[in-house]
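Colleague: structure for the following, please:
(chains A, B and C)
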Amino acid sequence: MTDQSTANRGTSTRIISDFLQRRREQIVQRWADEALFRTVFTVSRDEAAEAAGSLVEALASVAASGRIEDLRAPGFTGVREQLTRMAASRARGGAAPSQIADEVAALRPSITDLLITDLAGSDGEASGPHVVTLTVLMGTLRLFVMETALSAGEEIIDRQRLQLLEVATPVIKLWSGIVAVPLIGTLDSARSQVVMESLLEAIVDQQAKFAILDITGVPTVDSLVAQHLMKTVAAARLMGAECIVSGIRPAIAQTIVHLGIDLGSVITRASLADALAYALHQEGAVIVDRATGAGGPR
Amino acid sequence: MSWGLEGPVSTHVPVLRIGDVLLVTLQGELHDKAAEQLQQDIGEAVAGSSAGAVVIDVSGVEIVDSFLGRVFAEIAANAKLLAAETVVAGMRPAVAITLVELGLTLPGLRTALDVQEALRMLAQPSTPLSPGQGRQENA
Amino acid sequence: MTETSGRVAACLPIRSDTDLAWVRQHVRQAAAEVGFGLVEQTKLITAASELARNTLVHGGGGQVESVFLDHGRARGLRLTFTDEGPGIPDVERALTDGYTSGGGLGLGLGGARRLVHEFSIDTSPGHGTSVTVVCWVGVPPRPREEAR
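Modeller: Numbers count the residues shown, from 1 in each chain, chains lettered A, B, ... in the order given. Just a heads-up that it's a prediction; the model follows:
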């Protein structure tokens, strides 16, 4: 870029900035009826106008700084929160980020018309370059909103993933003082953490002296999962509860031996039923066969 | 600036005697000096009273770092030399998780869900159990 | 694509074991403000307690600076412990569990590292030590390539 064109562009961004500030009210009145604002602020048009107003101010400040192609321009940072809220609201309503971006693009015609009328009335200078500057600025805004909408989508996914984790790990009270978590599916680090926390909370809530971790539904156990199991057992012990790991299938038992993991200090039982029987026995309960009146096998 | 904390009120944690058991209840923030003082006080109390057990109630403790963890381990070791057992009761889940991540599993220490459970445990004639051995009653 | 911005929350001296209590208290407040869950709060306060004690015992005292972090949708807390002590001659060894020079359990540094999401240490013999830890709420931000 030559010095000449840089200077021209500097003038142009200043003109756009002045234009945005001078025509703030007209732009706001036009934008408030556009889909982007209308669909978010369904209740009050004043709110829509207020939101449009801060967006116009943000654009004016970006133009004033001359960084019209820069998503990181300070002017944008100021409206990030507002746009995030708007994008999140549209995303909840089922709008795809591309649709939201189109709605931003739809803001451009009305403001361009206004600019052309505005400039035509002034010193008769060619409006072309300034329209280009405004178009670039609106293009950057579109990208910025798109980025914001995408990250709002990621946020929703994160939250849903967390909710899924919580429902996927129910802690069940089996008996007075005995709780169990039947684990189903792959255990990763995040899920193991949730399992550990909910099991330990249940130990407190239920005054449980025994906690059973049933891994019948866990397809594979690698060293990381085994480590998490050991940590859960150790934490439960610190709280004064005994942890029993049940449902170790032969294939998993083999993997554990192969990996050289020492589950030595962990109490293990073949099935959830065996684990419950062990816990009941430890508690002093005796299971009696009604027909014979004799204590059944443990 | 207000911190909502006006420095250590007392460096002494009261040691209660219930029958054969010394009960220590820890609350909130424990300064290093107070913890060391406690270790000394319990040592003297066990020696002077020939108590058979020490129960440390940590249900009101929000943070146990490796320093306090070491204090617990040493209290237990000292008590053991004087033929007394030590039970740590009521540890909160967040504290337990943190200690395990820290690498501090306190293997030499007996634990209980709460003070009542600790007293019940001590009343039973049992050998100190380690996980995996199980209790021998009703066998 | 989001830059991490920070706001300094406080700078506290670490000169006595009463200061250690202040540090824990402050980190508790700051962590609650950032929005950490109870378990994460406990981990962070415990890590801070370990590191502050290192600063006091091994570094002969120093200070801690806490900074609120904002990285797009991730929020976090950064703590930097600085002392002008003798430094750590062998960092790898100091991070090994069981290694101790101060009569503790030798879990301070290595243990603190396991309690946080990011951990870095800057030290050289004779020039003091600076340990920085960061914890994020929820998912730590993935290191992403900047577009330009």
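
Colleague: which parts of stretch A:54-61 count as buried, going by neighbours?
Modeller: A:Leu55, A:Val56, A:Glu57, A:Ala58, A:Leu59, A:Ala60, A:Ser61 (16 or more other Cβ atoms under 10 Å in any protein chain shown). Backbone N, C-alpha and C define where each C-beta goes, glycine included.

Colleague: what do you get for stretch A:102-112?
Modeller: So for stretch A:102-112, counting by 16+ other Cβ under 10 Å, buried means A:Glu103, A:Val104, A:Leu107, A:Arg108, A:Ser110, A:Ile111, A:Thr112.

Colleague: okay, the residues you listed in a markdown table with secondary structure, pLDDT and distance to chain B next?
Modeller: Below are the buried residues of stretch A:102-112 laid out as a markdown table (DSSP: H, G, I helix; E, B strand; the rest coil; pLDDT from 0 to 100; distance: Cβ to the nearest Cβ, whole Å):
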| residue | secondary structure | pLDDT | distance to chain B |
| --- | --- | --- | --- |
| A:Glu103 | helix | 83 | 45 |
| A:Val104 | helix | 83 | 44 |
| A:Leu107 | coil | 82 | 47 |
| A:Arg108 | helix | 84 | 51 |
| A:Ser110 | helix | 82 | 52 |
| A:Ile111 | helix | 84 | 49 |
| A:Thr112 | helix | 84 | 53 |
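
Colleague: can you pull the pLDDT of whichever residue of chain C sits closest to chain A?
Modeller: As assessed by Cβ to the nearest Cβ, chain A sits closest to C:Arg73 within chain C, at 5.3 Å. At C:Arg73, the pLDDT value in this model is 70.

Colleague: mind listing the helices for chain C?
Modeller: C:17-34, C:38-57, C:91-94, C:108-115 (DSSP state H).

Colleague: packing partners of the host helix or strand of A:Ser151?
Modeller: Using DSSP states H and E, A:Ser151 sits in helix A:128-167. With contacts taken as 3 or more Cβ pairs under 8 Å, 6 or more residues apart in numbering or on different chains; DSSP states H and E, helix A:128-167 sits against helix A:3-22, helix A:45-65, helix A:74-92, helix A:97-105, helix A:108-121, helix A:189-205.

Colleague: can you flag the weakest of the ones you listed by average pLDDT?
Modeller: helix A:3-22 (a mean of 73).

Colleague: related to what we said a few turns ago, just the buried positions in the helix holding A:Ser151, please.
Modeller: Those buried within helix A:128-167 under the rule 16+ other Cβ under 10 Å are A:130-131, A:133-134, A:136-138, A:140-142, A:144-152, A:155, A:165.

Colleague: please list the residues of chain C that sit near chain B.
Modeller: C:17-18, C:20-22, C:24-26, C:28, C:38-39, C:41-43, C:45-46, C:49-50, C:53, C:97, C:104-105, C:107-108, C:110-112, C:114-115 (Cβ under 8 Å from any Cβ of the partner chain).

Colleague: near chain A too, which of the residues you listed?
Modeller: Answer for the residues of chain C next to chain B near chain A (Cβ under 8 Å from any Cβ): C:Val39.

Colleague: can you verify my assumption that C:Ala32 contacts C:Gln41?
Modeller: Yes. At 6.5 Å, C:Ala32 and C:Gln41 qualify as touching, with contact defined as Cβ atoms under 8 Å.

Colleague: looking at those two, which has the bigger crowd around it?
Modeller: C:Gln41 (23 against 11; other Cβ atoms under 10 Å in any protein chain shown).

Colleague: leaving out sequence neighbours, find the closest residue to that one.
Modeller: Excluding its sequence neighbours, the residue lying closest to C:Gln41 (Cβ to Cβ, 6 or more residues apart in numbering or on different chains) is C:Ala31, at 4.5 Å.

Colleague: the closest residue to chain B within the stretch 151-298 of chain A and B:Leu99, how far apart?
Modeller: Distances between the stretch 151-298 of chain A and chain B by Cβ to the nearest Cβ are smallest at A:Leu200, namely 3.5 Å. Noted for A:Leu200: a distance of 12 Å to B:Leu99, by Cβ to Cβ, to the nearest Å.

Colleague: quick one: common contacting residues for these two?
Modeller: Counting by Cβ atoms under 8 Å, 6 or more residues apart in numbering or on different chains, the residues touching both A:Leu200 and B:Leu99 are A:Ala235.

Colleague: give the contact list for the residue of the stretch 151-298 of chain A closest to chain B.
Modeller: A:Thr232, A:Ala235, A:Ala236, A:Met239, B:Pro93, B:Ala96, B:Ile97.

Colleague: neighbours of the residue of chain C closest to chain A, just the number please.
Modeller: For C:Arg73, using other Cβ under 10 Å, the count is 17.

Colleague: equivalent analysis for A:Arg14, please.
Modeller: For A:Arg14, using other Cβ under 10 Å, the count is 14.

Colleague: quick check: nearest residue in space to it, chain neighbours excluded?
Modeller: Nearest to A:Arg14 is A:Ala64, by Cβ to Cβ, 6+ apart, at 7.0 Å.

Colleague: do I have it right that that neighbour meets A:Ser17?
Modeller: Yes. If you go by Cβ under 8 Å, A:Ala64 and A:Ser17 touch, sitting 4.1 Å apart.

Colleague: ok, the two, which is more surrounded?
Modeller: Between A:Ala64 and A:Ser17, A:Ser17 has the larger neighbour count (other Cβ under 10 Å), namely 22 against 18.
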